[in-house]
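Visitor: take this sequence and fold it.
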Amino acid sequence: MALELSEQDLTLSLLNEHREHLDNLIKRNTYDKWKKYKETNLTDANISCISKEDFDSIEAKHGISIPKEIKYFYQEIGCPKDDFYYQINRMISADNQLILMFQYSEAFATALIQYYLKLSNVELILLSKEIEAIDERGLYKSYTDTLEYLLSETQDFYDFRKQRFNIPFLQKIYETFDNKDNLLVHLFVTWIHCGGAGGVILNTNKKGYLGGCVHGDWLKITIDGTDYWYNSNCFVNTEKHYLIPHKEAIIKDLELIRKFINKKTWIGPFKRL
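Guide: Next up is the predicted model:
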């Protein structure tokens with residue numbers, strides 16, 4: 001019985017085959033010949049790439065790690081200009097602030113609620129001062145309940161460069177977990193408007209997947225009979241890898257590299273491409 005691959009597995013399998021071919025060309029010192037061949041035979045002038053140096057610069061500056069397969073795709077295969085391409089190039093050309101979002105996993109949101117409910121009056125006052133110190137947009141004043149604010153307005157709570165929370169209370173909770181791999185979900189936002197937002201997930205076991213949301217669609221946790229709502233809807237429907245819509249571009253470039261490899265081009269008396 002033949003093994004049936006999912007669309008995601010097939011896409012990544014094609015990408016891995018492309019990468020293996022390219023690695024062999026690099027080992028044989030024929031990478032430059034491949035690039036020239038590709039430029040000559042590529043008919044779509046709208047295909048664009050992002051350089052390794054640009055990716056390195058953005059990752060170093062903003063303290064993030066873009067999934068390797070996505071970097072490889074944009075560096076070596078390229079695609080018609082899309083949201084991801086434009087977002088990267090806006091940051092490079094205009095030095096714009098990187099659009100990043102982070103949201104809690106259910107485990108972290110649950111721990112946050114449980115720790116908050118145990119705070120004394122003195123600790124609540126200290127927490128309020130911690131929040132006021134980072135609340136540059138003045139959102140905290142619009143909430144009558146501190147816990148609701150902590151579960152709702154996550155955008156300013158996390159420093160991606162330092163990889164830690166700006167609010168010490170949240171950092172203390174974070175440090176209580178031994179396994180932190182899936183506690184917080186980081187999203188590179190490529191599109192956002194009044195109805196929602198979306199982009200590429202940068203970490204957790206969904207790294208490289210699409211993340212998206214409709215504003216106001218929250219998740220519920222029930223503790224001791226009380227319902228609490230937290231803002232983590234961007235990462236509920238994350239079953240599709242980001243590169244799936246680019247499968248045809250991968251196939252097209254893979255066919256080109258196979259054709260290049262199979263050409264009877266000789267470099268020396270006994271060495272073939």
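Visitor: CA atoms for contacts and neighbours, from now on please.
Guide: Will do.
Visitor: which residues are in contact with whichever helix or strand residue 12 is part of?
Guide: Taking DSSP states H and E as the criterion, residue 12 maps to helix 7-27. Residues from elsewhere that reach helix 7-27 (CA atoms under 8 Å, 6 or more residues apart in numbering): 31, 34, 69, 73, 240-241, 243-244, 247, 250-251, 254, 257, 273.
Visitor: next, the buried residues of it.
Guide: 8, 11, 12, 15, 18, 19, 22, 25 (16 or more other CA atoms under 10 Å).
Visitor: what's the pLDDT at the fourth one?
Guide: This points to residue 15. pLDDT, residue 15: 96.
Visitor: now the first one
Guide: At residue 8, the model reports a pLDDT of 88.
Visitor: who does the longest strand seen in the chain pair up with?
Guide: As assigned by DSSP state E, the longest strand anywhere in the chain is strand 184-193. The strands that strand 184-193 pairs with in its sheet are strand 100-104 (antiparallel), strand 196-201 (antiparallel) (by DSSP bridges).
Visitor: output these in CSV; the columns should cover mean pLDDT.
Guide: Formatted as CSV, the strands paired with strand 184-193 follow (pLDDT from 0 to 100):
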stretch, mean pLDDT
strand 100-104, 85
strand 196-201, 84
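Visitor: and residue 226, which of the ones you listed is closest to it?
Guide: strand 100-104 (19.1 Å; CA to CA).
Visitor: show the pLDDT at residue 114.
Guide: Confidence at residue 114, expressed as pLDDT, is 96.
Visitor: immediately after the helix or strand in which it is found, which helix or strand?
Guide: Element membership for residue 114 (DSSP H and E) is helix 106-117. Counting by DSSP H and E, the element after helix 106-117 in chain order, helix or strand, is helix 121-134.
Visitor: who's in contact with residue 191?
Guide: Applying CA under 8 Å, 6+ apart to residue 191 gives the contacts 83, 197, 198, 199.
Visitor: hey, what's it bridged with?
Guide: residue 198.
Visitor: what separation is there between it and residue 99?
Guide: 9 Å (CA to CA, to the nearest Å).
Visitor: next: residue 198.
Guide: From residue 198 across to residue 99, the span is 11 Å (CA to CA).
Visitor: what is in contact with those two at once?
Guide: Common neighbours of residue 198 and residue 99, counting by CA under 8 Å, 6+ apart, are 189, 190.
Visitor: these two: who's more crowded?
Guide: Using other CA atoms under 10 Å as the criterion, residue 198 and residue 99 rank with residue 198 on top: 20 against 15.
Visitor: what residues are up against that one?
Guide: Contacts of residue 198 (CA under 8 Å, 6+ apart): 187, 189, 190, 191, 192, 210, 211, 212, 213, 234.
Visitor: the bottom helix or strand of this structure by mean pLDDT?
Guide: Ranking every helix and strand in the chain by mean pLDDT, DSSP states H and E puts strand 210-214 at the bottom, with a mean of 78.
Visitor: export that one as PDB, just CAs?
Guide: Coordinates of each C-alpha in strand 210-214 appear next as PDB, following Å, rounded to 0.1, in the frame of the first residue of the first chain:
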ATOM      1  CA  LEU A 210       0.400  30.000   9.600                       C
ATOM      2  CA  GLY A 211      -1.200  31.800  12.500                       C
ATOM      3  CA  GLY A 212      -4.200  34.100  12.200                       C
ATOM      4  CA  CYS A 213      -7.200  35.400  14.100                       C
ATOM      5  CA  VAL A 214     -10.400  37.400  14.000                       C
END
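Visitor: can you list the buried residues in it?
Guide: Residues 210, 211, 212, 213 are the ones in strand 210-214 that count as buried (16+ other CA under 10 Å).
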